[in-house]
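Undergrad: okay, predicted coordinates and the sequence, questions at the end:
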Amino acid sequence: MNTLPRILVIGGSGFVGRHLCQHLAAHQVQITVSTRQMFPEAPPAWPGVNWVHTPRLEGEALEHLIRGHDVVIHLAAILHGSAAEFDALHVQLPQRLAACCAASGVRHLIHVSAIGADPDGPSMYQRSKGRGEAVLKDIANQTGLPLTILQPSVIFGEDDQFMNTFARLLRYAPFVPLAGAQTRFQPVWVEDVAQALTLLALAPAQGVSVYEACGPEVFTLAELVRHAGRWSGCERPVLALPHELGKLQALLMECLPGKTLMSRDNVDSMRVDNVATGRWPGLQALGIHAAALDQVFKLSAATTRSPS
């Protein structure tokens, strides 16, 4: 008789992790969620979910965390940082994680990477993601550890930090100076990503597999910003910036207090399109018919509208 897997989610307190845990909890599996973040209040109480604060994922602490789990899902990532910070989280941590998974007899390691991951990519983010994939594949091939890599395009949802960031900026700006305005994206709904990860976690695995997670539509960044303005009721003109002016704009934004909204490395990432390559199977291979952007935001608006 097959038993449901014991699943460890690393980086599960973030945007994708919260949606994933809700999906997994519906299947009544045992879930451990590792997070570097200390919660100011009690974390969400989903059935079968045990939250563990893990400020350091290395050595005996990492071995102890992984021990006893059948499936490990790695979500931890950053969008802004130095070359050393990208390397530590996107390359060194996956390398340690895969080695521990292989030594502990984990049946499946699932790693969330990104469309555009490339050791020779134009940005530190893309290069570190590409190197992270490479070290994972090396260890999986050497040890026989079953590995699945999921490469999403930009992920959107009602509580995302992408469309909502533009919506907030548009409330105060008479126009939007925009770097990478013509860069193409293929945004994917967070619920579709969470469903894909859940299906992968509950299915038997062998060898090394890669899936691209993209939505059904392609938009330029300028079109996405206009959509954000339309849905928030604050549509503004978009002024496309050449790359060097975009880097200067990002430098100024890096100097602002608070959370970084745009960095020079983000601008470098937008030198290449963020769309499916067709080299790997997509969500449809998992039986998922990805939702369109407009469909999700219309549904979201309908479900959150206050009664008159």
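TA: Cool, got the structure. Numbering: from 1, shown residues only.
Undergrad: now V296: how far from W189?
TA: 5 Å (C-beta to C-beta, to the nearest Å). C-beta: built from backbone N, CA, C; applies to glycine.
Undergrad: tell me the pLDDT of the residue lying closest to E58 once chain neighbours are set aside.
TA: Leaving aside its sequence neighbours, E58 sits nearest to R96 (C-beta to C-beta, 6 or more residues apart in numbering; 6.0 Å). Per-residue confidence (pLDDT) for R96: 96.
Undergrad: got the contact list for the helix or strand that contains R96?
TA: Per DSSP states H and E, R96 falls inside helix 93-104. The list of residues contacting helix 93-104 from outside it, by C-beta atoms under 8 Å, 6 or more residues apart in numbering, reads 10, 57-58, 62-63, 66-67, 69, 72, 74, 76, 109, 111, 132, 135-136, 139-140, 143-145, 147.
Undergrad: repeat for stretch 37-57
TA: Under C-beta under 8 Å, 6+ apart, the answer for stretch 37-57 is 10, 13, 18, 21-22, 24-25, 28-36, 61, 65, 76, 93, 96-97.
Undergrad: that older thread, only the buried members of the contacts of helix 93-104: can you turn that into a PyMOL selection?
TA: Of the contacts of helix 93-104, the buried ones go into a single PyMOL selection, burial set by 16 or more other C-beta atoms under 10 Å:
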select buried, resi 10+57+62+66+69+72+74+76+109+111+132+135+136+139+140+145+147
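Undergrad: who touches H108 in this structure?
TA: P5, D70, V71, V72, P146, L147, T148, L200, A201, A205.
Undergrad: in strands, which of the residues you listed fall?
TA: V71, V72, L147, T148 (DSSP state E).
Undergrad: which ones among the contacts of helix 93-104 are found in helices?
TA: Residues of the contacts of helix 93-104 located in helices (DSSP state H): L62, E63, I66, G132, V135, L136, I139, A140, T143.
Undergrad: what about the last one, distance to G105?
TA: When distances are taken as C-beta to C-beta, T143 and G105 turn out to be 11 Å apart.
Undergrad: before we move on, what about the first one?
TA: Applying C-beta to C-beta, the value for L62 to G105 is 15 Å.
Undergrad: how about the fifth one?
TA: V135 sits 20 Å away from G105, going by C-beta to C-beta.
Undergrad: do I have it right that T32 meets C21?
TA: No. Between T32 and C21 there is no contact under C-beta atoms under 8 Å: 10.4 Å.
Undergrad: now the common contact residues for these two.
TA: What both T32 and C21 touch, as defined by C-beta under 8 Å, 6+ apart, is the set V9.
Undergrad: which residue of those two possesses the greater neighbour count?
TA: Using other C-beta atoms under 10 Å, the more surrounded residue of T32 and C21 is C21, with 25 against 21.
Undergrad: list the buried residues in whichever strand or helix holds that one.
TA: Assessed by DSSP H and E, C21 sits inside helix 15-25. Buried residues in helix 15-25, counted by 16+ other C-beta under 10 Å: F15, V16, G17, R18, H19, L20, C21, H23, L24, A25.
Undergrad: same check, this time on stretch 75-91
TA: L75, A76, A77, H80, G81, F86, D87, L89, H90, V91.
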